[in-house]
Structures are given as C-alpha cells and as structure tokens.
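Trainee: Generate a structure from the sequence data that follows.
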Amino acid sequence: MKILIKENKLFFLCLFIINLLVGVLAYFVLPDKFFYDAKTIISHDYSELSSSGSYGFACLFYKITGLKYLSYPIVAIIQYPIVVYILYKIGIPYNFQKINVKNVLVYIAFFMMAIFISMPSKEFITFTYLSIIIFLYQSDSITLSKKIVFSLLILAFFGVFFRSYFLLIPIISIGMYALTYLKLKNKALKSVVYGIFIAVLMSLSVGILSGKNFSQSSRDAVNSERMNSKDANSMIQSPVKTDTWYGETISIIYGFIAVNLPLEGFKHIFSPQIIAFIIWQLLLFYILFVRLSICLNDRHKHPLLLWTLLILFSYFIVQGVFEPDLGTATRHKIGVFPLIYFALYYEHFRKELQQNI
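Mentor: Predicted structure coming up:
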C-alpha cells in the first residue's frame, strides 16, 4: 500500500529534519554570547531571581520539567519538535514548497527557531504560550468578540507573570483599533504613529510616578553595563539623552525604526548574521504592513487577521521601547512567530476553516 504525502507536507517535514540537525549542532558551533540567557536560566534557582518575572519563571519552568539538567543538544531534540508541531497544527499552506518571498521568510524563521530554541530559553515559553491565541482564533465554537477579548486577556496575563511589557500590548492594540472608526487616509501609517504616541504617553506617565521612564529603566540600564563589550556591536542607542520628555519621545521613535526598519544596521557589513536579519526584518515588516493597510480599509472583512496584525505591530512598537540591540530583537521575534506565521498565511487557514465548518 502506497503512502502518499503532499508536496507541501513533505517539504515541511524536510525543513524540520534539516533544522533539527542545526539545533542539535548549534551548541558546538555557536559563540558563547548565544548562551547567556540559557546559562542564567540553568545556573540559578528561581528563588534567587524572584519567582516572578521572565527569568524567575523560566528557571522554575526548566527546573520542574527537568530540562535544565539535560545537555543542550537533548533540549533541542525535545523543544524544536514541539514548536514545529505547533506550526503543523496551525496549518501548512498548500503552496509551502514553492519559492516566493513569503515562504523564504518562513524557511529562514525555521532556521532561526533552531538556533534560539535549541537551548533553555524564554522564547520557547513565549512561543508555546502565544500559540494559544492562534488556536483560539481558529476555533469555530467561540464567538468573534470572545476571541478578541480572550486574546487580549491572554497577553495581559502573560505580562503579569512573565514579561511585564506585554501588559502594554493590549492597550496599544485597542488604541490603534480605535482609529478604524475614523475616516482617514493612510490608516496603517497613522495607526502605527498613534501606537507609538500611546507608548510615549505611558512611558512619560511611568517616569512621573517612578522617576524613570521606560528607556531609562530598560534599554539604557542594560546597555550602560556593556558599553565597551565586543558582543554589543548591534546595540541600539538613542541619539539624545532620555531624561527629558522630548528625549524619551525621540528615543522611542528611534528605537522603533532601529528595530523594525534597521537600515542603519547595514553599516555592519562584516557581520553577515546582522545583514541577514536586516533583510529578513525589512521584508517581513513590509508584507505585514501592507496586510495591515488592507485590513484597516475594511475592519469587518478579516477581523481576526486585523487583530493579529494589531497585536504584532503593538509588539513591534514595544520592542522599539525596550530592546537593547538587534540580536535580542531577533531572538524575541521568534517568541511571537506563531502570530507572524498565522498573519502571513491567513488566507490559507481561512479557507481551511471554511472547509471544516
């Protein structure tokens, strides 16, 4: 009896096998800077870093699961199949095997997943948790309004127990969505600008209450400790000091551009990994921005895609506030890749859902 495998699934399987090998070998070839987070997670008990926050929770997670006691190649063999299986359950586009810009971006993402999830990492936790939103959106037993509300609550809860800046995403997303009720030209651009404006207001408000705005308590604090480090060649530094309202405003705008439209990164011509990320990031941002523009023209046509994109662009804005360098920004984008994957292939998943209903 012949077993027939569709081309798209066969290609997906081959991509998985090749990159699983990459993940297993990553420990032996990557420089030490790729393992800073992993070493922190496995070398500390969660009580040392407090039981709340991303490091504290990650330490607790890897201790409970026993993964902290395993070698990195074994962790890769366990974690990488899990994240790929999640993508498999979300769906495989019928033309996944065909070479086009969108597919190539995803092929590269498979490689990036193998690198950043081949070790104990917070990205593995983020990836698996945020996939709940996609499975929620794909469910045909939950009303549209409940899907949207639950997805925002999922993000807020993640901000409470893991990464605090995720608390900003629902606020920015709702603010950006509010603009869809206005008759405006270039809604996508104005929505992103408005989202940045909301981030600036929240940062300045926190600065008034605590004495330090977002940039001072996050990016500036991290970068000041490694100013002369050889591993900080893609560090994001505001052109002005961030201790004034206008300095923080410029810093957030600059950070958003540096993370999402990192043209300045081309100066690192002798760092091929940085150049590769820049090209990947620019193409990804362009495709998602075009989709956001289309969705905002008619918010009722594809509401789930619209909210996925609003969440993603809110996350991109938040990255512009907090990310200390391009390398960290790349790694963190892998954590939200289920949302990116769903947004890129929404048409396929929508047809698949219609066939199942």
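Trainee: Give me the buried positions along the strand or helix carrying I279.
Mentor: I279 belongs to helix 272-297 when assigned by DSSP states H and E. For helix 272-297, the buried set under the neighbour-count rule, 16 or more other Cβ atoms under 10 Å, comprises 274, 277-278, 280-281, 284-285, 287-289, 291-292, 295-296. In this view, the C-beta of every residue, glycine as well, is placed from N, C-alpha and C.
Trainee: now do stretch 125-144
Mentor: Neighbour-count burial for stretch 125-144 [16+ other Cβ under 10 Å]: I125, T126, F127, T128, Y129, L130, S131, I133, I134, L136, Y137, Q138.
Trainee: Okay, now the unreliable bits of the protein?
Mentor: The model of the chain has pLDDT under 70 over residues 1-4, 45-52, 224-233, 351-357.
Trainee: Give me the distance between the two termini of stretch 318-326.
Mentor: 14 Å (Cα to Cα, to the nearest Å).
Trainee: so where do the helices sit in the stretch 151-300 of the chain?
Mentor: Counting by DSSP state H, counting those that start in this stretch, the stretch 151-300 of the chain has helices at residues 168-178, 187-210, 214-217, 219-224, 245-260, 272-297.
Trainee: So which other helices or strands are in contact with the shortest one?
Mentor: In this case it means helix 214-217. helix 187-210, helix 245-260, helix 303-322 (3 or more Cβ pairs under 8 Å, 6 or more residues apart in numbering; DSSP states H and E).
Trainee: Same check on the last one?
Mentor: In this structure, helix 272-297 makes packing contacts with helix 101-116, helix 187-210, helix 245-260, helix 303-322, helix 326-335, helix 337-344, judged by 3+ Cβ pairs under 8 Å, 6+ apart.
Trainee: so what does the very next helix or strand once past the first one touch, helix or strand wise?
Mentor: I take that to be helix 101-116. Following helix 101-116 in sequence order, the next helix or strand is helix 122-138 (DSSP H and E). Counting contacts by 3+ Cβ pairs under 8 Å, 6+ apart, helix 122-138 packs against helix 54-65, helix 72-90, helix 144-161, helix 303-322, helix 326-335, helix 337-344.
Trainee: quick one on the thing from earlier: kindly reformat the helices and strands packed on helix 214-217 as TSV containing mean neighbour count.
Mentor: Shown next, in TSV, are those (neighbours: other Cβ atoms under 10 Å):
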stretch	mean neighbour count
helix 187-210	18
helix 245-260	21
helix 303-322	24
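Trainee: out of the helices of the stretch 151-300 of the chain, nearest to I311?
Mentor: Among the helices of the stretch 151-300 of the chain, the nearest to I311 by Cβ to Cβ is helix 168-178 (5.4 Å).
Trainee: any idea how far the residue lying closest to I172 once chain neighbours are set aside lies from K39?
Mentor: Here the nearest residue to I172 in space, its sequence neighbours aside, is S314; by Cβ to Cβ, 6 or more residues apart in numbering that works out to 3.9 Å. To K39, S314 is 31 Å away according to Cβ to Cβ, to the nearest Å.
Trainee: about what we covered before: so for Y254, which of the helices and strands packed on helix 122-138 sits nearest?
Mentor: Closest approach to Y254 among the helices and strands packed on helix 122-138 (Cβ to Cβ): helix 303-322, 8.0 Å.
Trainee: Hmm, L296 and T180 touching each other?
Mentor: Yes: under the criterion of Cβ atoms under 8 Å, T180 makes contact with L296 at 5.8 Å.
Trainee: now L309: how far from M176?
Mentor: In terms of Cβ to Cβ, L309 sits 9 Å off from M176.
Trainee: Also S215?
Mentor: 21 Å.
Trainee: got it, and Q319?
Mentor: Distance of Q319 to M176, computed by Cβ to Cβ: 15 Å.
Trainee: and what of S203?
Mentor: 17 Å.
Trainee: ditto for H268
Mentor: 32 Å.
Trainee: The two: which is more packed in?
Mentor: Neighbour totals were compared for H268 and M176, and M176 leads with 28 against 17 (other Cβ atoms under 10 Å).
Trainee: residues in contact with that one?
Mentor: S191, V192, Y194, G195, I198, L310, F313, S314 (Cβ atoms under 8 Å, 6 or more residues apart in numbering).
Trainee: From the residues you listed, pick the one nearest F349.
Mentor: L310 (17.6 Å).
Trainee: So what does V336 have for phi and psi?
Mentor: phi -100, psi 10 (degrees, to the nearest 10).
Trainee: how deep is it tucked in, by neighbour count?
Mentor: 21.
Trainee: Repeat that for I108.
Mentor: 16.
Trainee: Correct me if wrong: it contacts I279.
Mentor: No: in this structure, I108 is not within contact of I279 by Cβ under 8 Å, at 9.2 Å.
Trainee: Spatially, what comes nearest to L167 if we skip its sequence neighbours?
Mentor: Nearest to L167 is G159, by Cβ to Cβ, 6+ apart, at 3.4 Å.
Trainee: from memory that neighbour sits against Y165, does it?
Mentor: Yes: under the criterion of Cβ under 8 Å, G159 makes contact with Y165 at 6.8 Å.
Trainee: if we can go back for a sec, overlap in contacts, T180 and L296.
Mentor: Joint contacts of T180 and L296 (Cβ under 8 Å, 6+ apart) are K187, S191, L306.
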